[in-house]
Structures are given as structure tokens and as C-alpha cells.
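Student: Kindly return the folded structure for what I paste below:
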Amino acid sequence: MSAGGSPPRRGSAASSISRQTSDAAVASPARNGTPDEQAEQEKLLNKNAAVLPTGGTVWEEGHALFGKRINHSATVHEDLIKLITERAELERHHTKDLLRFSRRWEERLAAMPVHSQGTVYRSFKAICEEAERVAACHAEVESRLASDLLTKVLRYRKRMYSRTMTGKLIASRDAAKGFEDPRRRWAKV
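Tutor: Numbering: from 1, shown residues only. Okay, here's the model as predicted:
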């Protein structure tokens, strides 16, 4: 914006400077973080560049782009399934660890002499009970992840990402066929 509050006129120096800075911001990502994070950003940019159209008509390149996006979404969906499964495993292990911790300290408290079971004993007992309650919460989260959420995600995968005998996605094949018929008609025109 210029000093008067209106946007810079087209062709003015302020306009070309703002265009150059916005082009530079789009052309290269922010160089923040460690070299590993920068390499990861570059990899993501290159991966996204392969999915973006390069020109031509929808009938020439649209179906390929659409097919790539369907295949990529199937890959992302598989990653989601792995994430849910891994998280459920973590919750299950954490539940077991907390219960093992609680049992071990309960046994030690039971072996404690009666005359030393005062205020500290009640604190120890409260910590063990708290560990059991937290373990129950983790067990519930694991149950919800493994049974409810995972079954819904797997059902969705079966419905949306079923595969042919050769291993290709049916949705990708159908999309290619859906683009092929109009493309033939378009080529005749």
C-alpha cells in the first residue's frame, strides 16, 4: 500500500517490489530449522511439484494428475492406519507398564512393617491408585483406537480404495476411464 492507504498502481516501483518479494517467497521455502528439516521441506516441495499440472488440457494431463492424487490419498490412508495401530500399541504398553509399576509398589507396601504405615504410607498408596486409574484411561483410549476408530478407517479403505487383481486401485482405473471417453470425443472436435 502507498502512503495514502491505497494499493500501489500497476507498474509503479512499489508494485514491482511487492511482486518480486511475493515471487521469492513462493519460489523458495523459509530456511528455518535444522539442515534435516530443510531437506525434508525440499523433498516435500519436489514431491508436490510432481503432482502439479505442467500445462496442456484437462484431457491430456488431468486424468494423470487425478490418478496420482487418488494413489497418493491411498498412501496417506495407509499411513493413517499405521499411525492408529502404532498409537494403540503405545497405549497398550503404557497401560501394562503402569499396572506393573502399581503392583510392584503395592507388594512393597504390603511388606512394610505396620508401625511405619503412617502419612507416607497413604501417599504411596494414593500414587499406586492413581497409576491404576491412569492405566484404565490408557486402556480405554487403546480400546477406542483399536476397535472403534480402526474398524471405521478399515471399512472406509475397503469401500474407497479397493484394488484390482493386479494391485491397482479401482478408483484410479475408473477415473482414467472416465477421462478417456470425453478425451476421445474432444480429440475428434
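Student: Setting aside sequence neighbours, what's the nearest residue to the residue nearest the centre of the chain?
Tutor: Nearest residue to the geometric centre of the chain (CA atoms, centre = their mean): residue 80, 6.3 Å. Of all residues not flanking residue 80 in the chain, residue 153 sits nearest, at 6.4 Å (CB to CB, 6 or more residues apart in numbering). Backbone N, C-alpha and C define where each C-beta goes, glycine included.
Student: which residues does the residue of the chain most remote from its centre contact?
Tutor: Residue farthest from the centre of the chain, counting by CA atoms, centre = their mean, is residue 115 at 55.2 Å. Applying CB atoms under 8 Å, 6 or more residues apart in numbering to residue 115 gives no contacts.
Student: for this structure, what spans make up the helices?
Tutor: For the chain, the helices defined by DSSP state H cover 13-27, 35-51, 63-110, 119-143, 150-160, 170-188.
Student: need those helices in JSON lines with mean pLDDT, can you?
Tutor: Output for these, formatted as JSON lines (pLDDT from 0 to 100):
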{"stretch": "helix 13-27", "mean pLDDT": "44"}
{"stretch": "helix 35-51", "mean pLDDT": "67"}
{"stretch": "helix 63-110", "mean pLDDT": "89"}
{"stretch": "helix 119-143", "mean pLDDT": "92"}
{"stretch": "helix 150-160", "mean pLDDT": "87"}
{"stretch": "helix 170-188", "mean pLDDT": "76"}
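Student: Same question for stretch 64-77: list its buried residues.
Tutor: Residues of stretch 64-77 classed as buried: 65, 66, 67, 70, 71, 74, 77 (neighbour count, 16 or more other CB atoms under 10 Å).
Student: Can you tell me which of these is closest to residue 185?
Tutor: residue 66 (17.8 Å; CB to CB).
Student: Tell me the spacing between the nearest residue to residue 132 once chain neighbours are set aside and residue 144.
Tutor: If the residues on either side of it in the chain are set aside, residue 132 comes closest to residue 102, at 5.0 Å by CB to CB, 6+ apart. Residue 102 is 22 Å from residue 144, where distance means CB to CB, to the nearest Å.
Student: Those two: which is more packed in?
Tutor: Neighbour comparison, residue 102 and residue 144: the larger count goes to residue 102, with 19 against 13 (by other CB atoms under 10 Å).
Student: Let me see the contact set for that one.
Tutor: By CB under 8 Å, 6+ apart, residue 102 lies in contact with 128, 129, 131, 132, 135.
Student: List the residues that contact the nearest residue to the last one once chain neighbours are set aside.
Tutor: Counting by CB to CB, 6+ apart, residue 98 is the residue found nearest to residue 135 once chain neighbours are left out, at 3.8 Å. By CB under 8 Å, 6+ apart, the contact list for residue 98 reads 131, 132, 134, 135, 138.
Student: still on that earlier bit, just send the buried residues of stretch 64-77 back as JSON lines, with distance to residue 92 too.
Tutor: Listed next are these as JSON lines, based on distance: CB to CB, whole Å:
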{"residue": "65", "distance to residue 92": "41"}
{"residue": "66", "distance to residue 92": "39"}
{"residue": "67", "distance to residue 92": "38"}
{"residue": "70", "distance to residue 92": "33"}
{"residue": "71", "distance to residue 92": "32"}
{"residue": "74", "distance to residue 92": "27"}
{"residue": "77", "distance to residue 92": "23"}
